[in-house]
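Asker: Mind folding the following:
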Amino acid sequence: MAEKDQNQYHPPESNGYHRNDQESLHTMEDEEAKRKKKMKWTIGIIAFVIFQVVQALFFVLVIMKFKSPKFRVGDFAVQTLTVGTQASPSFNMSFVAPIRVKNTNWGPFKYDASTVDFTYGGISVGQVIIPKSKANFKSTKKIDANVNLSSATLPSDINSNLGSDLSSGVINLSSQGELKGKITVMFMFKKKKTSLMNCTMAIDTSTKVVRSLSCK
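Answerer: Numbers count the residues shown, from 1 in each chain. You can find the predicted model right below:
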């Protein structure tokens, strides 16, 4: 009987290797999950930093780039025009000038009252007043000014040139003006700017139309 008990099969005792393998596997999985989570956080932080840098560059290079608004005279129709002769040169003209202040900045342009002079041969033949106002951001301020021009004040040497122009059928005029103001962005960033007008126009005396008009 004792010999039978001695020959009975007994399963080998666990040595702990299997348990250690499972623990190692769980540890590796936890470390991999932590690594992926850390990578996600790192990518998120890098993306956030890049976004902030791009936003700052856009603000500095675009929004904070102050430009002088464009101050121009647009195409117009001559309402009245009377001219003299080559021997006795003169002209009187009236029209509504579409004066425009184009503001491309990201803030309004507030400007002081000013004037626009219409000249012939460098001598003023008429003037209009530009009232104090503002051009909103990314918009164009429209001013329709009644203009009356007369050659009555031209000196004799300029009048001789006018006689030549009348014989050719074209009166060459210019307009000059200056707007001084301030651009304000986000209610705190301010910059003084000056807009200049320098336009030339050719008036056909026979058809009474503007043959050409250009502004710098």
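Asker: Wait, Q176 touches D117, no?
Answerer: Yes - contact criterion C-beta atoms under 8 Å: Q176 and D117 qualify, at 5.3 Å. C-beta coordinates here come from the backbone N, C-alpha and C atoms, glycine included.
Asker: Where do the helices of this structure begin and end?
Answerer: 2-7, 17-58, 156-168 (DSSP state H).
Asker: So what touches the last one?
Answerer: Applying C-beta atoms under 8 Å, 6 or more residues apart in numbering, the set of residues contacting helix 156-168 from outside is 83-87, 89-91, 120-121, 123, 151, 154, 171-172, 205.
Asker: let's go with 6 Å and repeat that
Answerer: With contact meaning C-beta atoms under 6 Å, 6 or more residues apart in numbering, helix 156-168 is reached by V83, Q86, P89, G121, I123, I171.
Asker: quick one: the last one and D204 touch, right?
Answerer: What it means is I171. No - contact criterion C-beta atoms under 6 Å: I171 and D204 do not qualify, at 8.4 Å.
Asker: Those two: who's more crowded?
Answerer: I171 (23 against 15; other C-beta atoms under 10 Å).
Asker: Give the bridge partners for that one, please.
Answerer: Beta bridges link I171 to I203, judged by DSSP bridges.
Asker: For N146, which residues count as its bridge partners?
Answerer: Assigned bridge partners for N146, using DSSP bridges, are V96.
Asker: What count of nearby residues applies to it?
Answerer: Here the count is done by other C-beta under 10 Å, and N146 has 10 residues near it.
Asker: Repeat that for F91.
Answerer: The burial count for F91: 22, using other C-beta under 10 Å.
Asker: can you pull up the bridge partners for it?
Answerer: V83.
Asker: Also the one 10 residues further on?
Answerer: Each beta-bridge partner of V101 is listed here, defined by DSSP bridges: F71, K141.
Asker: give the contact list for it.
Answerer: P69, F71, A135, K141.
Asker: Report pLDDT for it.
Answerer: On pLDDT, V101 comes in at 98.
Asker: most centrally placed residue in this protein?
Answerer: Most central in the chain under C-alpha atoms, centre = their mean is T104, positioned 2.5 Å from the mean C-alpha point.
Asker: What does it show for phi and psi?
Answerer: Per-residue torsions, T104: phi -100, psi 10 (degrees, to the nearest 10).
Asker: Give me the nearest residue to it, chain neighbours excluded.
Answerer: With sequence-adjacent residues excluded and distances taken as C-beta to C-beta, 6 or more residues apart in numbering, T104 is closest to K67, at 5.8 Å.
Asker: Can you report phi and psi for the one you found?
Answerer: For K67, the backbone dihedrals (degrees, to the nearest 10) come out as phi -130, psi 150.
Asker: Share the number of residues neighbouring it, please.
Answerer: So K67, with other C-beta under 10 Å, has 13 neighbours.
Asker: got a pLDDT number for it?
Answerer: At K67, pLDDT is 92.
Asker: if I look at P69, how far off is I183?
Answerer: Between P69 and I183 the computed distance is 8 Å (C-beta to C-beta, to the nearest Å).
Asker: Please apply the same query to A87.
Answerer: The spacing between A87 and I183, counted by C-beta to C-beta, is 52 Å.
Asker: Which one's more surrounded, these two?
Answerer: Legend: neighbour count by other C-beta under 10 Å for A87 and I183, higher for I183 (24 against 8).
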